[in-house]
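*Asks:* Here is my input, please return the structure:
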Amino acid sequence: MSENSDFTSSVKREETADNTAQNSTEENLPQKETSGEKSFEELLDESLNEQASEVEKSQLVTGTVIRIEEEYVFIDLGYKSEGIIPVIEFHNKEGEPDVEIGSEVEVLVEKTGSALPKVSKQKADFFKEKQIIKDKFDSGELIDARILTRVKGGLTCDIGIKTNFKAFLPGSQIDVRPVSNFDEYVGQTLRVKIIQHDDNGIVVSRRAHLEKEREAMKKETLSKLEQNDLISGDVVKIIDRGAFVDIGGLEGFIPLSEVSWGRIRNPGEIIKEGEEVQVQVLKIENGRVTLGHKQTLPDPWDNIEQKYQVGSNVNGKAVSTTDFGIFVELEPGIEGLVHISELSWTKNFRHPKEIVSTGTEIEVKVLDINAKDKRISLSLKQIEKSPWETFKENNKPGTKMEGTIKNVNEIGIFVEVAEDLVGLIRPENISWQGNVKPTDVYNPSQVGEKIEVAVLNVAPKSERIALGIKQLASDPWADTLKKYKSNQTVVTAKISEIQDRGIVVDLGDEIKGYYQARDLSDDPGNDALKSYKVGDEVTGVVTGFDKSKRQVNLSKKRHEQKQEKTSLNEFVSSQGESGFKLGNLLSEKLKTLD
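*Replies:* Prediction:
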């Protein structure tokens, strides 16, 4: 075997030992997260300690490249023997060889006592890289970190310039906002700051310098920002209550109500995360900025009165039901209110949702438009003609019809005369005799029974129908005035009631006659009443009428006086001339009777 062959074999033996050590080191570096493996910090610590220990036992020497072969690079170190290093140690991070004959390189020479010195450029680069990284840590200078893999709690990265130098980037330090997907960063190069450099390993942070940059940007933005400014920003987060927008170093907030002129449940219906949007500054307070997105869009209330006319019918969608009515969206950003009183002409309900459900498409009538306050009054019931109007047109006063008793109380008798239309018979319209207690005529047990009524009046605006029972027949009082003549008509009737100062007799047809005590006899006070009882017949002459009481006033005393006068006149007439003197005497007597 030749000398070169022995030399090559020796080199290969040295290389094999060196590669074994190198592979051992690489195996100890952090790997992808695997259940049961050591944590990144533990692996990194072991790796650094091994390499640091080797460097402390060796020394850095500068040599010159004198020959480059396919697998090895030969270095003149000034020793008797040349240093031999595998070509792979001269590969840059892109995997390409970076070495030329005559170039000077710094290598690590280990005192092994063998014939050939053990030389490593890779370990020399690591030693120098370690010092550079320590200097970067001390100065706080930013460095580039190439993300390698995802591990438990974060990412491994290479922060070396010429050689691979692994560090740990915790998940909480990747960005100023929480990161949910670490894998998307693998392969990227990030600017980071070393925040830990000790025996426990090297930890870097991207968040630290991002926050510093954002703080500077925030101060600059706030110094220039003014209310009502129109600016652009990136939507960074959407929640149910609104959206956060990055406007340069700080995040402004768009409340849900300021995202769109229309009603929405979530900002995501209008804007998306990552999207650039135009916004207006609504308020700046204590470093907090409130933004509006809808202000950058046309206001649908502009020229509202040209789009919708009072009295017109329009289509819309019920978007909300409340105790006092239903909100109807006519178009995005335009909502009107159907007040509870405008929901139905006749239906009884406890809540508006019993009439219209949210999301239902409905037709409504425009009652009023207040452009200044951005309010529109709507009506659902007025889409159809008022049933009271229809009832009035079909039933003139005096119309007789059959209805159903719905309720009886002191107010009157409530009668349903058409579907969901109820009229009222008041006490004074029950009987021609005057006010009658409704419950004396009909009791609650008769609810549901049929009853004949007459229509008195219909008031569509107040939604009332006046009914009567007594109007089914003509007023007997009119006939009474024709039938009875004052100081002429004599009636005989039975006593129906004895009162403190007189008696009441029944004349029929719901007409009463009344005798005052003084019209019964000449007895003083009310003694004349003592001789009468209910059921006795009394004859008297009509003396007048009391329309308010629907009463005929009678007098028994005057009737008897009139009878006496008539008898005397008849007697005198029967005596002829011979009775002249007697007649004169009787004439004087009759005058006293008058």
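*Asks:* any weak-confidence spans in the stretch 51-200 of the chain?
*Replies:* Scanning the stretch 51-200 of the chain for pLDDT under 70 picks out the ranges 51-58, 111-115.
*Asks:* hmm, try it at 90
*Replies:* Along the stretch 51-200 of the chain, segments meeting pLDDT under 90 span 51-62, 68, 70-71, 76-85, 87-99, 106-132, 140, 160-165, 176-180, 198-200.
*Asks:* Run through the strands of it in chain order.
*Replies:* Ranges of strands within the stretch 51-200 of the chain are 58-68, 72-76, 83-86, 104-110, 118-120, 143-151, 154-158, 166-170, 189-198, based on DSSP state E, counting those that start in this stretch.
*Asks:* right, and the ones you listed - which one's nearest E384?
*Replies:* Shortest separation from E384 across the strands of the stretch 51-200 of the chain is recorded for strand 143-151, at 67.4 Å, computed as Cβ to Cβ. C-betas here are computed from N, CA, C, even on glycine.
*Asks:* how much space between the closest residue to T62 other than its chain neighbours and T64?
*Replies:* Spatial nearest neighbour of T62, chain neighbours left out: E106 (5.2 Å); criterion: Cβ to Cβ, 6 or more residues apart in numbering. The spacing between E106 and T64, counted by Cβ to Cβ, to the nearest Å, is 11 Å.
*Asks:* Likewise for S180?
*Replies:* Distance of S180 to T64, computed by Cβ to Cβ: 53 Å.
*Asks:* for V235, same thing?
*Replies:* Between V235 and T64 the distance is 59 Å, computed by Cβ to Cβ.
*Asks:* Same check on E463?
*Replies:* For E463 relative to T64 (Cβ to Cβ), the value is 112 Å.
*Asks:* related to what we said a few turns ago, distance to W345 added to the strands of the stretch 51-200 of the chain, as TSV?
*Replies:* Converted to TSV, the strands of the stretch 51-200 of the chain look like this (distance: least, Cβ to Cβ, whole Å):
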stretch	distance to W345
strand 58-68	101
strand 72-76	101
strand 83-86	98
strand 104-110	99
strand 118-120	98
strand 143-151	69
strand 154-158	69
strand 166-170	69
strand 189-198	70
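*Asks:* Using TSV, lay out these together with distance to E564 and mean neighbour count.
*Replies:* TSV is the format used below for the strands of the stretch 51-200 of the chain (distance: least, Cβ to Cβ, whole Å; neighbours: other Cβ atoms under 10 Å):
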stretch	distance to E564	mean neighbour count
strand 58-68	165	15
strand 72-76	169	21
strand 83-86	165	24
strand 104-110	164	19
strand 118-120	164	23
strand 143-151	135	19
strand 154-158	134	24
strand 166-170	133	23
strand 189-198	136	17
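*Asks:* Just the helices from the chain, written as ranges.
*Replies:* 3-27, 40-56, 121-139, 207-224, 304-307, 387-394, 438-441, 476-483, 556-575, 580-593 (DSSP state H).
*Asks:* sorry, back to before: which residues touch the residue nearest to T62?
*Replies:* If you count contacts by Cβ atoms under 8 Å, 6 or more residues apart in numbering, E106 has them with L60, V61, T62, G63, K121, A124, K128.
*Asks:* Check the contact between E305 and K372; I expect there is one.
*Replies:* No. Here E305 does not reach K372: they are 10.9 Å apart, not a contact under Cβ atoms under 8 Å.
*Asks:* Give me the below-cutoff pLDDT ranges for the stretch 251-400 of the chain.
*Replies:* Along the stretch 251-400 of the chain, segments meeting pLDDT under 90 span 261-265, 274, 286-287, 298-299, 302-303, 305-306, 332-333, 345-349, 372, 384-385.
*Asks:* What are the structural domain limits within the chain?
*Replies:* The chain is divided into the following domains under automatic domain parsing: 3-137, 225-296, 304-383, 387-472, 476-562.
*Asks:* Which one of these lies nearest to D198?
*Replies:* Minimum separation from D198 across the domains of the chain (Cβ to Cβ) falls at domain 3-137, 9.5 Å.
*Asks:* that older thread, who wins for proximity to V192 among the domains of the chain?
*Replies:* Taking Cβ to Cβ, domain 3-137 is the member of the domains of the chain nearest to V192, at 10.0 Å.
*Asks:* Compare E305 and K372 and say which is more crowded by neighbours.
*Replies:* E305 (11 against 7; other Cβ atoms under 10 Å).
*Asks:* so who does the residue nearest to E211 when sequence neighbours are not counted touch?
*Replies:* Leaving aside its chain neighbours, E211 sits nearest to V176 (5.7 Å; criterion: Cβ to Cβ, 6+ apart). Neighbouring residues of V176 by Cβ under 8 Å, 6+ apart: R207, L210, E211, R214.
*Asks:* which of those residues are buried?
*Replies:* Buried by 16 or more other Cβ atoms under 10 Å: R207, L210, R214, out of those.
*Asks:* Quick check: the residue nearest to T62 vs I194, distance?
*Replies:* From E106 over to I194 the distance is 24 Å, taken as Cβ to Cβ.
*Asks:* how deep is the residue lying closest to Q309 once chain neighbours are set aside tucked in, by neighbour count?
*Replies:* In space, Q309 comes closest to V366 once its chain neighbours are excluded; the distance is 6.6 Å by Cβ to Cβ, 6+ apart. V366 has 19 neighbours, counted by other Cβ under 10 Å.
*Asks:* now do E510
*Replies:* 17.
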